[in-house]
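Chemist: Provide a 3D model corresponding to the input given below.
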Amino acid sequence: MAGSETHADERRAGPVDPPREGPVNQPTIAKAQDQLFAPDKSSRAKYAELVVGRPGFGSLLKHELIVMLAQSKAGAFGLVLRKALYPRLLGSCGRNVVFGQNVVLRHPHKIHIGSNVVIDDNCLLDAKGESNLGIRIGDGVFIGRNTILSCKNGDIDIGDHANIGFNCELFSASRVSIGPSVLLAAYTYVIGGDHDFSDPSIPVLAQTRTSSGINIGEGVWTGAGAMILDGVTIGAHAVIGAGAVVRDPVPAGAVAVGIPARIVSTRTP
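Modeler: Numbering: from 1, shown residues only. As a prediction, this is how the structure comes out:
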């Protein structure tokens, strides 16, 4: 049954894959307003496609009832309701998962969460896509309030015991992997996709999206306001300074700071 507890190997993907070789061209992804105002579909079908991710009135009704009953309820009563009801929408969910107030789930059947996880208030977990696997969150993960996990037909994989600070954004148009015990400080942006802007006669918004993916290794720490750009691999236990813009690979154990980020030292065991 959806939302039932599963073994760890069923909840999470296998070994972390490196970013793909070279950028992958993605088709132009429909804007939300185009989907909502498409003239050839009913309002119900458009809403279900954008938010629920599954066809059929039953799936829509189940989603709407749970959201109405639990999403905005404050206090301990709201926590209890969401703990009981939200797993019924998810692809899988472990034990002791705390969902804060106003946590929003999109395409929730493609969201898989381990045990002992905290997802704080006002977070968005958006697994949208036609052929993606979605979002997988390991055991013992903390996701701070106002943080966004956003898929545009991509995948996001967060390893065990990672800590994602408040007001962060993880965006994936192919694959973004966050290793175990990673610490992303507040306002960190992980941008797993880019826009093609090669044709100056066409608005950038109308051109294709490219994505090579991002791989952040075990135990990495990013300071507040860091930006990790598409195609970057950060090796295990590296440290990224506050406000740094990382556009090139960072080897394991390195300390990188600045705009663009450059390596200033190496951590020794």
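Chemist: Report the distance from stretch 43-57 to the chain centre.
Modeler: Offset of stretch 43-57 from its chain centre (CA atoms, centre = their mean, to the nearest Å): 21 Å.
Chemist: Any figure for the gap between R95 and K41?
Modeler: Separation of R95 from K41 (CB to CB, to the nearest Å) stands at 39 Å. Heads up, the C-betas are built off the backbone N, CA and C, glycines and all.
Chemist: One more: H107?
Modeler: Going from H107 to K41 by CB to CB gives 17 Å.
Chemist: the more surrounded of the two?
Modeler: H107 (23 against 14; other CB atoms under 10 Å).
Chemist: confidence score at that one?
Modeler: The predicted structure scores H107 at 96 on the pLDDT scale.
Chemist: Hmm, it is touching L124, no?
Modeler: No. With contact defined as CB atoms under 8 Å, H107 does not reach L124; the gap is 11.7 Å.
Chemist: Quick one: residues contacting the nearest residue to H237 once chain neighbours are set aside.
Modeler: Spatial nearest neighbour of H237, excluding adjacent residues (CB to CB, 6 or more residues apart in numbering): G219 at 4.3 Å. Listed by CB atoms under 8 Å, 6 or more residues apart in numbering, the contact partners of G219 are G179, P180, S181, V182, A236, H237.
Chemist: Out of those residues, grab the one that's most surrounded.
Modeler: Counting by other CB under 10 Å, top hit in the contacts of G219: V182 with 25 neighbours.
Chemist: circling back: residues that sit against both of H107 and L124, list them.
Modeler: The contact sets of H107 and L124 do not overlap (CB under 8 Å, 6+ apart).
Chemist: what's the next secondary structure element after the longest helix along the chain?
Modeler: Looking across the chain with DSSP state H, the single longest helix is helix 57-70. Moving toward the C-terminus from helix 57-70, the next helix or strand (DSSP states H and E) is helix 75-85.
Chemist: then that following helix to CSV, C-alphas only?
Modeler: This file holds the C-alpha atoms of helix 75-85, laid out as CSV (Å, rounded to 0.1, in the frame of the first residue of the first chain):
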residue,chain,number,x,y,z
GLY,A,75,0.2,22.7,16.6
ALA,A,76,0.6,19.2,17.8
PHE,A,77,-2.7,18.2,16.3
GLY,A,78,-1.5,19.2,12.9
LEU,A,79,1.7,17.2,13.3
VAL,A,80,-0.2,14.1,14.3
LEU,A,81,-2.6,14.4,11.3
ARG,A,82,0.2,14.9,8.8
LYS,A,83,2.2,12.0,10.3
ALA,A,84,-0.8,9.8,9.8
LEU,A,85,-2.1,11.0,6.5
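Chemist: Next up, the contacts around the closest residue to A48 other than its chain neighbours.
Modeler: Sequence neighbours aside, L60 is the residue nearest to A48 in space, at 5.0 Å (criterion: CB to CB, 6+ apart). Residues in contact with L60, defined by CB under 8 Å, 6+ apart, are R44, Y47, A48, V52.
Chemist: Which of those ranks first by neighbour count?
Modeler: Ranking the contacts of L60 using other CB under 10 Å puts V52 first, with 23 neighbours.
Chemist: how close does it sit to L89?
Modeler: For V52, the distance to L89 - CB to CB - is 9 Å.
Chemist: what touches both of the two?
Modeler: Counting by CB under 8 Å, 6+ apart, the common neighbours of V52 and L89 are H63, P108.
Chemist: so what's the backbone phi/psi at the residue lying farthest from the centre of the chain?
Modeler: Note on the chain: the largest C-alpha distance from the chain mean falls to S201, namely 32.5 Å (CA atoms, centre = their mean). Dihedral angles of S201 (phi, psi; degrees, to the nearest 10) stand at phi -90, psi -10.
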